[in-house]
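S.K.: Sequence and predicted structure below; questions after.
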Amino acid sequence: MQSRTSSINLAELADHLGATLQGDPSARITQVAGIETAIPGTLAFVANPKYASLAHTTQATAVLVEPDFPEITAATLRLKNPYLAFARAIELFYQPPTYTPGIHSTAAIAPTAQIGANAHIGAYAVIGDQVTIGDNAIILPHVVLYPHAGVGDNFFAHAHAIVREHCQLGDNVILQNGAIVGADGFGFARQSDGSWYKILQSGPAILEDNVEIQANACIDRASIGETRIHAGAKIDNLVQVGHGSTVGENTLLCAQVGLAGSTIIGKNVILAGQVGVAGHCTIGDGAIATAQSGIPNDVAPGKVVSGYPAIDNRQWLRSVALFNRLPELLRDIKAKLK
């Protein structure tokens, strides 16, 4: 990786992260690594109990752990949120590419577009009529902003991201490669001859501040009204947000989640990978759906659900344990009936 700093001693690192150090303050860290692959000179972390045993055998020079973690051979940096601290430590050792202000000669920019200060616009980007772009935008090659789209300050669009017509994005929005905001929702009305009549998707997709849409995710526009992603929501790769849906503040939609049209997702919700939600359902604030859950009905705030159809997680765990025993139980029943 391209380095921002070549090394840092543990005393400096502990001060930077606000951690309590147990170990040699002069020991130097040159990189970060997962605890399974760490070598001398690296910083690792333990946030998941599944990996706690690896802390006793890791070759890492130091490990980020919670305050009550047992003592280990490696030095420890103790604080309440090791995972967050690890994220901050990565920033010390990795320097992402920088993009100087300027517009590439091959970019196609409509004369009616309004572009804020310090914009970087890359090769073959297309900026349509009446587009508005805030200050400090970074728009990389082949990004397309359709007519009348608007984006706020500090917009960052990776190559091949697309923002469709009339969609509005707030400040500090990040679109990863291939993210599409405002593609047509899947709306068709059956005609008398059995064919399908396309319903015009007239409503924009709205992204509030500090939203990130990751690679090849799709936020569909609405037939009427709007599709809205509230502030701080993070949407992972290959997620589908159906037309007219609402995603609440600081909600996580993990890989391959699918929301059918007019779904309402509350704030601080976590939908793990491949969760599917039927249309017109409401998922309450703080709810969690574990991976591959199918949700055909509303979920109450704070509930943890699993399976299909999604049920209370504890009930699902008991049911799965019983399911694995069904052959054995069937043999017992047959033996008793003889």
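M.R.: Noted; the coordinates are in hand. Everything numeric here is computed off the predicted structure, so don't read it as measured data.
S.K.: My read is that Gln59 contacts Ala38, right?
M.R.: Yes - applying C-beta atoms under 8 Å, one finds Gln59 in contact with Ala38, separated by 5.6 Å. For glycine as for every other residue, the C-beta is placed from the backbone atoms N, C-alpha and C.
S.K.: between these two, which one's more packed in?
M.R.: Ala38 (23 against 15; other C-beta atoms under 10 Å).
S.K.: Show me where this protein dips below the pLDDT cut-off.
M.R.: The chain contains residues with pLDDT under 70 at 1-3, 5.
S.K.: rerun that using 90 as the cut-off
M.R.: 1-6, 47-52, 95, 321-332, 334-338 (pLDDT under 90).
S.K.: per the record, what domains does it have?
M.R.: Here the domain assignment for the chain is 8-93, 102-315, based on automatic domain parsing.
S.K.: The residue nearest to Ala260 when sequence neighbours are not counted: neighbour count?
M.R.: Spatial nearest neighbour of Ala260, excluding adjacent residues (C-beta to C-beta, 6 or more residues apart in numbering): Gly279 at 3.5 Å. For Gly279, the count of nearby residues is 14 (other C-beta under 10 Å).
S.K.: Then Pro309?
M.R.: Pro309 has 11 nearby residues by other C-beta under 10 Å.
S.K.: Torsion angles phi and psi at it?
M.R.: Phi and psi for Pro309, reported as degrees, to the nearest 10, are phi -70, psi 150.
S.K.: Now do it against Gly294, distance only.
M.R.: 6 Å (C-beta to C-beta, to the nearest Å).
S.K.: On the three-state scheme, Lys336 is what?
M.R.: helix (DSSP: H, G, I helix; E, B strand; the rest coil).
S.K.: so how far is Arg325 from it?
M.R.: Counting by C-beta to C-beta, the gap from Lys336 to Arg325 is 16 Å.
S.K.: same deal with Tyr308?
M.R.: In terms of C-beta to C-beta, Tyr308 sits 20 Å off from Arg325.
S.K.: isn't Phe188 right up against Lys198?
M.R.: Yes - with contact defined as C-beta under 8 Å, Phe188 reaches Lys198; the gap is 5.8 Å.
S.K.: and for those two, which residues touch both?
M.R.: Applying C-beta atoms under 8 Å, 6 or more residues apart in numbering, one finds that no residue jointly contacts Phe188 and Lys198.
S.K.: re earlier: more neighbours: which of Tyr308 and Arg325?
M.R.: Tyr308 (13 against 10).
S.K.: what sits against that one?
M.R.: Gln292, Ser293, Gly294.
S.K.: how about CSV for those residues, with neighbour count, secondary structure and distance to Ala52 added?
M.R.: What follows is these, written out as CSV (neighbours: other C-beta atoms under 10 Å; DSSP: H, G, I helix; E, B strand; the rest coil; distance: C-beta to C-beta, whole Å):
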residue, neighbour count, secondary structure, distance to Ala52
Gln292, 15, coil, 26
Ser293, 26, coil, 27
Gly294, 17, strand, 32
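S.K.: which one of those residues sits closest to Gly258?
M.R.: Of all the contacts of Tyr308, Gly294 has the smallest distance to Gly258: 9.8 Å, by C-beta to C-beta.
S.K.: doesn't Ser306 make contact with the closest one?
M.R.: No - counting by C-beta under 8 Å, Gly294 does not reach Ser306; the two are 9.9 Å apart.
S.K.: Need the contact partners of stretch 222-229.
M.R.: Against stretch 222-229 from outside (C-beta under 8 Å, 6+ apart): 182, 185, 187, 199-208, 211, 213, 219-221, 235, 241-247.
S.K.: I'd like to know which of those are buried.
M.R.: 182, 185, 187, 201, 203-208, 211, 213, 219-221, 235, 241-247 (16 or more other C-beta atoms under 10 Å).
S.K.: Show me where the chain has its helices.
M.R.: Ranges of helices in the chain, per DSSP state H, are 10-17, 82-93, 313-324, 326-337.
S.K.: do you know how far the nearest residue to Gln114 once chain neighbours are set aside is from Ala149?
M.R.: In this structure, Gln114 finds its nearest non-sequential neighbour in Thr132, 4.7 Å apart by C-beta to C-beta, 6+ apart. Distance, Thr132 to Ala149, by C-beta to C-beta: 8 Å.
S.K.: do the same with Ser293
M.R.: Ser293 sits 34 Å away from Ala149, going by C-beta to C-beta.
S.K.: repeat for Val275
M.R.: Taking C-beta to C-beta, one finds Val275 at 29 Å from Ala149.
S.K.: what do you get for Ala11?
M.R.: On the measure of C-beta to C-beta, Ala11 and Ala149 end up 49 Å apart.
S.K.: Between the two, which is the more surrounded one?
M.R.: Between Ala11 and Ala149, counted using other C-beta under 10 Å, the more crowded position is Ala149 (27 against 14).
S.K.: which residues touch the nearest residue to the more buried one once chain neighbours are set aside?
M.R.: Leaving out its chain neighbours, the residue that sits closest to Ala149 by C-beta to C-beta, 6+ apart is Val163, at 4.6 Å. By C-beta under 8 Å, 6+ apart, the contact set of Val163 is Val144, Leu145, Tyr146, Ala149, Val151, Ala157, Leu169, Leu175, Val181, Gly182.
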